[in-house]
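Chemist: Could you look at this predicted model? Sequence included:
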Amino acid sequence: MDKLIITAAITGAETTKEMNPALPVTAEEQARDAKACIEAGAAIIHLHVRGADAKPTQNMGDFRAAIEAIRAACTLTPIIQLSTGGAVGEAMDKRIAPVVALKPEMASLNVGSLSFGDDVFINHPLDVEKLAKNFLDLKVVPEVEVYEPGHIDITKRLLKKGLLRHPVHYQFVLGVPGGMNGEAKSLVFMRESIDPQDGWGVAGIGRYELSCATHAILMGGHVRVGLEDNVYYRKGELATSNAQLVARVVRLAKELGREVATPAEAREMLGIN
Ligand code: KMH
Ligand code: ZN
């Protein structure tokens, strides 16, 4: 099996400090958490940023500050994967702007719409095509975020149109209320629905985080954990940090005989050069 790539989704757009006081929201807090996650074994930092009011923003200055702080703090330079998902309701031009301006190694690409808790996360097909074209033109490696099986079909249409290229790196985001649940049979169905030359990881939301991670380690996929997706360490007990969640995945991987990829190894595996 390939080495395991661990992504730390350290902040997100929906989690608040009220939900878990350990959530990093300033550039300094994000740099501290990113450093601890990379030292624990993560290779990718999935990055959303917050403004001075701790609310989600796609502001360029805030992205720049976070990226600089993270790079300065980490000895092994992580892959910083910018979010183009942003917060529910964010305008598409704002979602793509940091990618165009900062040309990161990698960014998320959401290909389909879905109900998202009490909201609707809209990814209009024409916007998605524009977004995908930007990734190609800027040579930014996309991580394709899929929340239900129909999103895999959308991805295959984008491949046919030449707006994506194999190997696609999918992130199965399972357990969003409104998307597919994170049960083992869902993960197996998603894995069996993608083309064999493509790769995948899973982000189990909430109570699905640990089980999805464990299944993925055994099935040869990659894993995303972090306070964006889940604020608990176990039922009724808040996680103390993002790194605590990463460290548990590393321990599981070791027990289950799966080696963990460094950022440099992950770059090679994902075709980032
Ligand atoms: N905040 C969610 C609505 C991404 O980063 O690409 C979308 C999201 C996906 O977090
Ligand atoms: Zn995100």
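Modeler: Right, received. Where do you want to start? Ligands and ions are numbered 1, 2, ... in the order given.
Chemist: Alpha carbons of stretch 171-189, in CSV - could you do that?
Modeler: C-alpha atoms of stretch 171-189 as CSV (Å, rounded to 0.1, in the frame of the first residue of the first chain):
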residue,chain,number,x,y,z
GLN,A,171,-11.6,13.8,-0.7
PHE,A,172,-14.7,11.9,0.4
VAL,A,173,-16.3,14.2,2.9
LEU,A,174,-18.7,11.9,4.7
GLY,A,175,-21.2,12.7,7.4
VAL,A,176,-22.2,16.3,6.6
PRO,A,177,-26.0,16.5,7.4
GLY,A,178,-27.3,16.7,3.8
GLY,A,179,-24.5,14.6,2.3
MET,A,180,-23.7,10.9,2.4
ASN,A,181,-23.2,9.4,5.9
GLY,A,182,-19.8,8.0,7.0
GLU,A,183,-20.7,4.3,7.4
ALA,A,184,-18.3,1.7,6.1
LYS,A,185,-20.6,0.7,3.3
SER,A,186,-20.7,4.4,2.1
LEU,A,187,-17.0,4.6,2.0
VAL,A,188,-16.7,1.3,0.1
PHE,A,189,-19.3,2.5,-2.4
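Chemist: So which bits of that stretch are buried?
Modeler: Across stretch 171-189, burial judged by 16 or more other Cβ atoms under 10 Å covers Gln171, Phe172, Val173, Leu174, Gly175, Val176, Gly179, Met180, Gly182, Glu183, Ser186, Leu187. C-betas here are computed from N, CA, C, even on glycine.
Chemist: pLDDT value on Thr77, please?
Modeler: Reading off the confidence values, Thr77 has pLDDT 95.
Chemist: List of residues touching stretch 23-41?
Modeler: 6, 8, 10-11, 15-17, 45, 47, 49-50, 54, 62, 65-66, 68-70, 72-76, 78, 226-227, 231, 241-243, 246-247, 249-250, 253, 260, 263 (Cβ atoms under 8 Å, 6 or more residues apart in numbering).
Chemist: Let me see the mean pLDDT of it.
Modeler: 98.
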